[in-house]
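# curious how this folds, go ahead:
(one chain, ligands or ions: 1)
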Amino acid sequence: MVYLRKIAVADDIRIYNMLQEIGSNDNGFHNKVYGMSYHQFREWLENECSVDAGNLEEWMVPQTSYWLFDDEKPIGYGRLRHYLNDQLTETSGHIGYAIRSTERGKGYGNQILSLLLEECKKLNIRRVQIGANSDNVLSNKVIKKNGGILIRVSKNKNFYHIDLT
Ligand SMILES: CC(C)(COP(=O)(O)OP(=O)(O)OC[C@H]1O[C@@H](n2cnc3c(N)ncnc32)[C@H](O)[C@@H]1OP(=O)(O)O)[C@@H](O)C(=O)NCCC(=O)NCCS
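All right, here's what the predicted structure looks like:
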């Protein structure tokens, strides 16, 4: 069974290993854990869980981070911002996601976005914005398959809206 689970302080080496299979800037998805030691990962995780619990810096909007699992195996990483500020509207969007490199091309990309959109509905986000690098063929495909309508192209990035009403 494929499902999302919120990140947790107790997450262990299996998550760390997955995150080593997602580049630090993987086609526009930023993964700070890539290249970290396991000790650094644990500190990062604690901070990330604290942010998700609402301990935000002034410039941050509320966010929730998830792991995609297939049964017991961690497959991917998803981030969801609960609303957009001006800068996020201009440069990014509500959702970011990545699948570990050894599990790409098996349908998980479509699944993680579909599941993240279900989480958006729970948060009453009616119109989701997602940005993808114009040359990121797979991500553009995944977004369109999940109902994405291209609304803007700017600085080699495509911006899509997905209406959830
Ligand atoms: C983009 C990404 C999430 C896609 O994940 P994935 O699990 O490989 O995607 P899927 O297996 O669901 O495939 C998505 C589509 O691409 C197609 N595809 C997959 N691998 C392909 C390949 N090697 N060549 C051509 N098409 C391919 C699939 O057929 C599918 O198309 P369809 O829905 O029309 O059948 C993944 O490549 C990734 O993690 N990239 C790095 C991070 C990133 O780009 N994130 C998005 C920006 S925030």
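# could you count how many residues lie near N124?
Under the neighbour criterion other C-beta atoms under 10 Å, N124 is assigned a count of 8. Where you see a C-beta, it was placed from the backbone N, CA and C, and this is true even at glycine.
# quick check, it in a helix?
No - if the criterion is DSSP: H, G, I helix; E, B strand; the rest coil, then N124 is coil and not within a helix.
# is any residue of stretch 53-64 near the ligand?
No - under the criterion of C-beta under 6 Å from any ligand atom, stretch 53-64 makes no contact with the ligand; the nearest approach is 14.0 Å.
# what of stretch 105-119?
Yes - using C-beta under 6 Å from any ligand atom, a contact is recorded between stretch 105-119 and the ligand, made by 105-110.
# all helices of this protein, in order?
If DSSP state H is used as the criterion, the helices of the chain fall at 13-19, 38-52, 86-91, 108-122, 137-145.
# can you put those helices in TSV and add mean pLDDT?
Formatted as TSV, those follow (pLDDT from 0 to 100):
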stretch	mean pLDDT
helix 13-19	98
helix 38-52	98
helix 86-91	95
helix 108-122	98
helix 137-145	98
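# rewinding a little: scan the residues of stretch 105-119 next to the ligand and report the most crowded one.
Taking other C-beta under 10 Å as the neighbour criterion, G109 ranks highest of the residues of stretch 105-119 next to the ligand with 24 neighbours.
# residue contacts, H30?
Shown here is H30, whose contacts under the criterion C-beta atoms under 8 Å, 6 or more residues apart in numbering are 24, 96.
# who's it bridged to?
When assigned by DSSP bridges, H30 has beta-bridge partners N25.
# not counting sequence-adjacent ones, nearest residue to the residue of the chain found nearest the ligand?
Residue nearest to the ligand within the chain (C-beta to the nearest ligand atom): G109, separated by 2.3 Å. Taking C-beta to C-beta, 6 or more residues apart in numbering as the measure, G109 lies nearest to V142, with 4.6 Å between them; neighbours along the chain are not counted.
# what's the burial count for the one you found?
By other C-beta under 10 Å, the burial measure for V142, its neighbour count, is 23.
# ok, it touching G107?
No - checked against C-beta atoms under 8 Å, the pair V142 and G107 is beyond contact range at 10.0 Å.
# confidence score at K155?
Looking at K155, its pLDDT reads 86.
# next one: V61
The predicted local distance difference test score for V61 is 97.
# what parts of this protein come near the ligand?
If contact is defined as C-beta under 6 Å from any ligand atom, the residues of the chain in contact with the ligand are 26-29, 96-99, 104-110, 132, 136, 138-139, 141-142, 145.
# alright, that wraps it up for me.
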